[in-house]
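Chemist: Structure, please.
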Amino acid sequence: MRKILILSIAALLLCSCGPSVGVLYYWGGDASKGVTRYEDRFYEAYGKSQSPESLCAMLCVYEDMLQNPGGERGVVPPGICAEYGYLLLKPETAAAFAESASDRERRIYGRSDYSTYFPEYGLKLLQKEMELYPESRKFVEPLLKKFAGK
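Modeler: You can find the predicted model right below:
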């Protein structure tokens, strides 16, 4: 009886070890290639090669992550709504997108009134971040106050 108990405990411990099969969140593109689309575009948009075109590409990655949440949880990764919302709320973002976005990137939003749409959408995304991740409230509420008060 004692041997069976020891073997059962050992089997349970061994079964719980090992890598998880899936990923918790979808970060764009194919993570099996080593770098997600989010990482690649983030580096372009905020790294050495900053350009209006890289900003437009980053906005489209954010929108893809929002519209197609994947992973095991099926929700947008933590912080993405806040990052995306903050970026949309910056005044220069709408102007850069209007001037530099490709036709394909423009079709993603299906509109041309970026200077009014981006700030409205940005505020909604900050709200969504707090809904999905209540622990983010401490960081997001000051942003909401700052931008909603403009």
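
Chemist: Name the residues that touch stretch 134-150?
Modeler: 78-79, 82, 85-86, 89, 119, 122-123, 126-127, 129-130 (C-beta atoms under 8 Å, 6 or more residues apart in numbering). Where you see a C-beta, it was placed from the backbone N, CA and C, and this is true even at glycine.

Chemist: what about this protein, any weak spots by pLDDT?
Modeler: 1-22, 26-49, 150 (pLDDT under 70).

Chemist: In helices, which of the contacts of stretch 134-150 fall?
Modeler: 82, 85-86, 89, 119, 122-123, 126-127, 129-130 (DSSP state H).

Chemist: I'd like those residues laid out as JSON lines, including distance to Gly110.
Modeler: Shown next, in JSON lines, are those (distance: C-beta to C-beta, whole Å):
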{"residue": "Ala82", "distance to Gly110": "24"}
{"residue": "Gly85", "distance to Gly110": "19"}
{"residue": "Tyr86", "distance to Gly110": "22"}
{"residue": "Leu89", "distance to Gly110": "20"}
{"residue": "Pro119", "distance to Gly110": "17"}
{"residue": "Gly122", "distance to Gly110": "17"}
{"residue": "Leu123", "distance to Gly110": "19"}
{"residue": "Leu126", "distance to Gly110": "22"}
{"residue": "Gln127", "distance to Gly110": "22"}
{"residue": "Glu129", "distance to Gly110": "23"}
{"residue": "Met130", "distance to Gly110": "26"}
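
Chemist: Give me the buried entries from these.
Modeler: Among the ones in helices among the contacts of stretch 134-150, those classed as buried by neighbour count (16 or more other C-beta atoms under 10 Å) are 82, 85-86, 89, 119, 122-123, 126, 129-130.

Chemist: Would you mind checking which of those residues is nearest to Glu105?
Modeler: Distances from Glu105 to these, taken as C-beta to C-beta, are shortest for Gly122 (17.2 Å).

Chemist: Report the separation between the residue nearest to the closest one when sequence neighbours are not counted and Phe147.
Modeler: In space, and not counting its chain neighbours, Gly122 is closest to Leu88: 3.4 Å by C-beta to C-beta, 6 or more residues apart in numbering. According to C-beta to C-beta, to the nearest Å, Leu88 stands 10 Å off from Phe147.

Chemist: Perfect, I'm done here.
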